[in-house]
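Chemist: Sequence and predicted structure are below.
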Number of protein chains: 2
Amino acid sequence: MVAPLRKPTQNGIDQINQPMKTFEHVDCSRCDKRHHSIFCNTHGEQLEDISNSKTCSVYKKGQVIFHEGGHPFGVYCLNKGKIKLSIIGDEGKEQIVRLARDGDVLGYRSMLVNERYNATATVLEDSQVCFIPREVFMSALKGDTALSFEMMKLLSNQLREAEIKLTHLAQKPVRERLAETLLFLKETYGFEPDSQYIAVQLTREEIANLVGTATETAIRLLSELNKEQVIELSGKKIGILDLIELMRIANLND
Amino acid sequence: MVAPLRKPTQNGIDQINQPMKTFEHVDCSRCDKRHHSIFCNTHGEQLEDISNSKTCSVYKKGQVIFHEGGHPFGVYCLNKGKIKLSIIGDEGKEQIVRLARDGDVLGYRSMLVNERYNATATVLEDSQVCFIPREVFMSALKGDTALSFEMMKLLSNQLREAEIKLTHLAQKPVRERLAETLLFLKETYGFEPDSQYIAVQLTREEIANLVGTATETAIRLLSELNKEQVIELSGKKIGILDLIELMRIANLND
DNA sequence: TTTTTTAAATGATAAAAATCATATTTCACC
DNA sequence: GGTGAAATATGATTTTTATCATTTAAAAAA
């Protein structure tokens, strides 16, 4: 008997944080996602330890993998799926700070500093996620310099991205940031097979929380870009009709 | 004969990036700043290597230690002084992304990922800075797990700070962010001896570039807080008269 | 299917913040 | 100590963006 599945609340964050079932997990050494992840240079003993101790689970859309304020017991490796990482601001408003795709690792930051999570990880579409227990991951880090370096590189890159995002948030108008966000979504998740539709479905509210604006403003500006034939809206699907123009609007000189 | 010292340009970023002279450098093992830095657990060979290869220089106010776009040849360790790290946005506007104080290390991010600097480090007041060459720092990292972990912790903390700052920038009004910035300045540099004045002198423009707003808006809101007797303005010096009220205005529930 | 709920769209208005303009002050330099 | 440049201050105005209100459309639930 399986417990009934509750629906996500209006802000897309669900109370349920228990995965529904496990999936057939391959050995980490044969996982093709590994080569584009921080484990790309991890071999032998370390990789075996990880592989033997991991738990692989399926999370349904809307489920929360970990919660802001919760204690980290390990790291999560996204095998397949899409996950948003968000911080709830003082007035209860969500700010999406990162999006994860296949091969991305989550929850390492809090584990490294041994603090509670400062973000919530919510599944955007049904996902397969592997869990690596704290001790295993930490001892892998200790025993594997290459892994440590990959970790440092990952953190460095995310820090750079966060600082650039910060600068744009402070200096660029919403329209430019929205265009930038659409390009970012396209870079992160690509297009759906044989189409110009970005391969992720977000609510308008989520797009606004990614851009850092009010939902109505995001809706208005999306409609505007739609009228200008730069993008195409079809329900939650967003197609890019004129990539060059979208890039021009985003006004990125980096 | 010493070359004449040019003045900082209007945005506070100087072309000169050559330190004027070296200072009497103590051995790293006896540097008291070390205990609060990433080198707190570094000993023996690694520390000696660093100590023997470092170059210690004095930078004058306004001088640039490294430039956005430049190549990193090592890391900088701030022995004594105050430094701002800023990114120049697309329209040429400065965004201050970090402030460094005694014991802080700079330039590691770009070095770890082997990319050009994405920020500029400018000296806010005359500072003593040690330079550690790339190879020495990197091999210390490789040979010293404790240092690697400190590095990861530092990056993790900065990432958390950046993400929180991002959220506040997106969600909080300027007045709250200004109050938060003043509290941050106080936390970072403390008060001047026996006074309530924050121990750093920034231009109003720099304060605005830290808050993420227009200079005039920052000036106006500072005057407002001054009138409300929450802070005291005396030239570039900012005194905190009512810390409780300032914290209330900052509206931090974290 | 029909009902109910939730999300999206759009108009009207208000609030916030930026920009422009112009004093006034401060400070470095002669 | 005076002079000019830069920084600060402040008012007026415009622009941007958020908020509120309402309608329409879409998606879940009965």
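Modeler: Perfect, thanks for sending it.
Chemist: Would you tell me which helix is longest in chain A?
Modeler: With secondary structure taken from DSSP state H, chain A has its longest helix at helix A:145-171.
Chemist: Report whether that helix contacts chain B.
Modeler: Yes: among the residues of helix A:145-171, A:145, A:148-149, A:151-153, A:155-160, A:162-171 lie within reach of chain B under C-beta under 8 Å from any C-beta of the partner chain. For the C-beta atoms, the positions are set from N, CA and C on the backbone; glycine is no exception.
Chemist: Produce a ChimeraX select command limited to the buried residues of those.
Modeler: In ChimeraX, this line selects whichever of those come out buried by 16 or more other C-beta atoms under 10 Å in any protein chain shown:
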select /A:148,149,151,152,153,155,156,158,159,160,162,163,164,165,166,167,168,169,170,171
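Chemist: What about DNA strand D: which of the residues of helix A:145-171 next to chain B touch it?
Modeler: When C-beta under 7 Å from any atom of the strand is taken as the criterion, no member of the residues of helix A:145-171 next to chain B contacts DNA strand D.
Chemist: isn't A:D126 right next to A:G62, touching?
Modeler: No: using C-beta atoms under 8 Å, A:D126 is not in contact with A:G62, being 9.7 Å away.
Chemist: ok, those two, which is more surrounded?
Modeler: A side-by-side neighbour count of A:D126 and A:G62, using other C-beta atoms under 10 Å in any protein chain shown, places A:G62 first with 20 against 15.
Chemist: Check the secondary structure at the more buried one for me.
Modeler: Per DSSP: H, G, I helix; E, B strand; the rest coil, the local secondary structure of A:G62 is coil.
Chemist: My guess is it contacts A:A121. True?
Modeler: No: A:G62 is beyond contact range of A:A121, at 11.9 Å (criterion: C-beta under 8 Å).
Chemist: residues in contact with the closest residue to A:P133 other than its chain neighbours?
Modeler: Leaving aside its chain neighbours, A:P133 sits nearest to A:G74 (4.4 Å; criterion: C-beta to C-beta, 6 or more residues apart in numbering or on different chains). Counting by C-beta atoms under 8 Å, 6 or more residues apart in numbering or on different chains, A:G74 touches A:107, A:111, A:131-134, A:136-137.
Chemist: hmm, which two among the residues you listed are most spread apart?
Modeler: Spatial extent of the contacts of A:G74 (C-beta to C-beta) is set by the pair A:G107 and A:V136 at 13.6 Å.
Chemist: Those two - which one has more neighbours?
Modeler: A:G107 (24 against 18).
Chemist: Please tell me how far the more buried one sits from A:M247.
Modeler: When distance is defined by C-beta to C-beta, to the nearest Å, A:G107 is 33 Å away from A:M247.
Chemist: Strands of the stretch 101-250 of chain A, residue ranges please.
Modeler: Using DSSP state E, counting those that start in this stretch, the strands of the stretch 101-250 of chain A run over A:105-106, A:120-133, A:231-234, A:237-240.
Chemist: Report the buried residues of the last one.
Modeler: Neighbour counts using 16+ other C-beta under 10 Å place A:238, A:240 of strand A:237-240 among the buried residues.
Chemist: Is chain B within reach of stretch A:106-125?
Modeler: Yes: interface with chain B: stretch A:106-125 contributes A:108-110, A:112-113, A:118-119 (C-beta under 8 Å from any C-beta).
Chemist: Serialize the residues you listed to CSV and add fields for distance to B:K237, neighbour count and pLDDT.
Modeler: Below are these laid out as CSV (distance: C-beta to C-beta, whole Å; neighbours: other C-beta atoms under 10 Å in any protein chain shown; pLDDT from 0 to 100):
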residue, distance to B:K237, neighbour count, pLDDT
A:Y108, 42, 22, 97
A:R109, 37, 26, 97
A:S110, 38, 21, 97
A:L112, 38, 23, 96
A:V113, 35, 18, 96
A:N118, 34, 21, 95
A:A119, 37, 26, 97
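Chemist: quick revisit: what helices or strands is the longest helix of chain A leaning on?
Modeler: helix A:108-113, helix A:134-143, helix A:174-189, strand B:74-88, strand B:94-100, helix B:108-113, helix B:134-143, helix B:145-171 (3 or more C-beta pairs under 8 Å, 6 or more residues apart in numbering or on different chains; DSSP states H and E).
Chemist: Following element in sequence after the helix or strand A:N52 falls within, please.
Modeler: Applying DSSP states H and E as the criterion places A:N52 in helix A:44-53. For helix A:44-53, the following helix or strand on the C-terminal side (DSSP H and E) is strand A:55-59.
Chemist: That next one to strand A:120-133, inter-axis angle?
Modeler: 160 degrees (axes from the mean of the first three to the mean of the last three C-alpha atoms, to 10 degrees).
Chemist: tell me the mean pLDDT for strand A:55-59?
Modeler: Per-region confidence: strand A:55-59 scores 93 on mean pLDDT.
Chemist: Tell me how many other residues surround the residue lying closest to A:I249 once chain neighbours are set aside.
Modeler: Setting aside the residues directly before and after it, A:I249 is nearest to A:A179 in space (C-beta to C-beta, 6+ apart), at 4.1 Å. Neighbour count of A:A179, defined by other C-beta under 10 Å: 24.
Chemist: From DNA strand D, how far out is A:A179?
Modeler: Taking C-beta to the nearest atom of the strand, to the nearest Å as the measure, A:A179 falls 12 Å from DNA strand D.
Chemist: tell me the contacts of that residue?
Modeler: A:225, A:246-247, A:249-251 are the contacts of A:A179 under C-beta under 8 Å, 6+ apart.
Chemist: try it again with 6 Å
Modeler: A:A179 is in contact with A:246, A:249-250, counting by C-beta atoms under 6 Å, 6 or more residues apart in numbering or on different chains.
Chemist: can you check A:Y76 too?
Modeler: A:65, A:106-107, A:129, A:131.
Chemist: one more time with 7 Å
Modeler: Listed by C-beta atoms under 7 Å, 6 or more residues apart in numbering or on different chains, the contact set of A:Y76 reads A:65, A:105-107, A:129, A:131.
Chemist: The helix holding A:N52 near chain B at all?
Modeler: No: Helix A:44-53 is not in contact with chain B by C-beta under 7 Å from any C-beta of the partner chain; minimum separation 13.6 Å.
Chemist: With stretch A:28-41 instead?
Modeler: No: taking C-beta under 7 Å from any C-beta as the criterion, stretch A:28-41 and chain B are apart, separated by no less than 11.5 Å.
Chemist: Quick check: the residue nearest to A:P133 vs chain B, distance?
Modeler: Taking C-beta to the nearest C-beta, to the nearest Å as the measure, A:G74 falls 16 Å from chain B.
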